[in-house]
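Peer 1: only geometry, no sequence info:
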């Protein structure tokens, strides 16, 4: 039994009483005792929580197919025992006295490993979420959305949103954006899963991935039946020689701001990468995870704009708004479009309509552009604070990957190594960091400490305090 059938007032509906049916069908002489015992057990186990309003004796009797007197007698008995409480005209409720073993919902959301300061990358400043503008857009959408649009949507997404997204991506990222080939997805993770499944269906069994790269790629592609082949980088981006030698026909990349090194692929490397894709009849999967955040250089356009038929382009609002929105987009090469759309339809019948309409309005009114400008100012300041604090407390540190994005690579002088000892001391002091070694299959044995430090989610004060705490932990 559950209380899932409760209405807003707490009244349990008939669907919640299925576990009382065996008691109601007991022999007539034992039916009353069986009903009382079943109610008592439901309250003790927490299936009926304290404060739950019970149906009237008439309604419950009708639901169970027993006499009203039988239910009234059960209510009176359990009220006398303290399991229930009632008042004239107020109905019957589960009492507060019973210490039930109420079922507890666990929270499996990813969390920081803990500590006074968390430099682990991947999260924006969620306090910057534009609540007022989002709420205004939500009210407007609820007022104006036609009733028919609340039905099952086009699996690609609402035409209104796809059209607005195409304009945004062409304007800000240089993407060749055909609204007919945009699929609205639940973030880059779903886009990756869809692409992986489609490539597997076409006979591919492996996919290349940048090394170092995102630690999540292996699991995502494994779920689609693909082995991930780690491929090294050089100063210009993904090294073409090892890519050609690997035998793969698909590779996942972050060419605008490589994760985690911060490299922006050179024009030559972009051309070489596309030449490789054409030569093997392959595809490049472009994850533009933080493409809107550029500080010290002009924005680097998306690779997809150079060859829309060889690049599948993905992005999301996880860094610009909030990852909890689970809202992203996938721009598909024409030869994969029909298959991807059908897989999206099969997977979830389309993204939630209200979320799509809300985001479309948010884009149309310029709220999204204002949000990006706000975040860019805040994150640039925090990057500058991090660089200055590292220079003060860890002189000689080489900081890279700071021209864009929400994290930096800090390579500390050799005197701070080895890495295991360094990170262990920080953990003991309550400072959470991610070593660069967590992002690569190639282990460096030089003893140098290299950290991927996220700063976007920390205030300038917390950044200064965190770096100082790092220094104090090592000094101690």
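Peer 2: That came through, no problem. Model, not experiment: these values are computed from the prediction. Numbers count the residues shown, from 1 in each chain.
Peer 1: how far does stretch 427-439 stretch from start to finish?
Peer 2: 19 Å (CA to CA, to the nearest Å).
Peer 1: list the contacts of that stretch.
Peer 2: With contact meaning CB atoms under 8 Å, 6 or more residues apart in numbering, stretch 427-439 is reached by 112-121, 212-215, 259-260, 409, 419, 423, 426, 443-444, 449-454, 466, 469-470, 472-473, 476. In short, each C-beta sits where N, CA and C put it, glycine included.
Peer 1: now do that stretch: distance to the chain's middle.
Peer 2: 21 Å (CA atoms, centre = their mean, to the nearest Å).
Peer 1: please pick the buried ones from the contacts of stretch 427-439.
Peer 2: 115, 117-121, 212-214, 259-260, 409, 419, 423, 426, 449-454, 466, 469-470, 473 (16 or more other CB atoms under 10 Å).
Peer 1: quick one: the strands in the stretch 151-300 of the chain?
Peer 2: 182-185, 206-211, 227-234, 237-238, 250-253, 283-287 (DSSP state E, counting those that start in this stretch).
Peer 1: contacts only, for residue 287.
Peer 2: So residue 287 contacts 188, 192, 214, 252-254, 259, 314-315 (CB under 8 Å, 6+ apart).
Peer 1: export the residues you listed to TSV and tack on distance to residue 135 and pLDDT?
Peer 2: TSV is the format used below for the contacts of residue 287 (distance: CB to CB, whole Å; pLDDT from 0 to 100):
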residue	distance to residue 135	pLDDT
188	26	94
192	31	95
214	33	90
252	36	97
253	37	97
254	33	96
259	32	94
314	28	97
315	24	96
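Peer 1: tell me which of those residues is nearest to residue 21?
Peer 2: residue 192 (45.9 Å; CB to CB).
Peer 1: ok, now how distant is the closest one from residue 123?
Peer 2: The gap separating residue 192 from residue 123 is 19 Å, by CB to CB, to the nearest Å.
Peer 1: what about the two, which has more around it?
Peer 2: residue 192 (25 against 18; other CB atoms under 10 Å).
Peer 1: residue 106 versus that one, what's the distance?
Peer 2: Counting by CB to CB, the gap from residue 192 to residue 106 is 26 Å.
Peer 1: same check on residue 182?
Peer 2: 36 Å.
Peer 1: neighbour count for these two, which is higher?
Peer 2: residue 182 (24 against 5).
Peer 1: show me the shaky parts of the protein.
Peer 2: 1-17, 99-104, 112-115, 444-445, 476 (pLDDT under 70).
Peer 1: output the longest helix belonging to it.
Peer 2: Longest helix in the chain by number of residues, with DSSP state H as the criterion: helix 367-393.
Peer 1: after that helix, next one along is what?
Peer 2: Going down the chain from helix 367-393, the next helix or strand is strand 398-400, by DSSP states H and E.
Peer 1: in its sheet, what does that following strand sit against?
Peer 2: strand 407-411 (antiparallel) (DSSP bridges).
Peer 1: in this structure residue 157 contacts residue 350, no?
Peer 2: Yes - between residue 157 and residue 350 there is a contact at 7.3 Å, judged by CB atoms under 8 Å.
Peer 1: what residues are shared contacts of the two?
Peer 2: With CB under 8 Å, 6+ apart as the test, residue 157 and residue 350 both reach residue 184.
Peer 1: the two: which has the busier surroundings?
Peer 2: Using other CB under 10 Å, the more surrounded residue of residue 157 and residue 350 is residue 157, with 26 against 19.
Peer 1: what's the more buried one sitting at in phi/psi?
Peer 2: Per-residue torsions, residue 157: phi 120, psi 170 (degrees, to the nearest 10).
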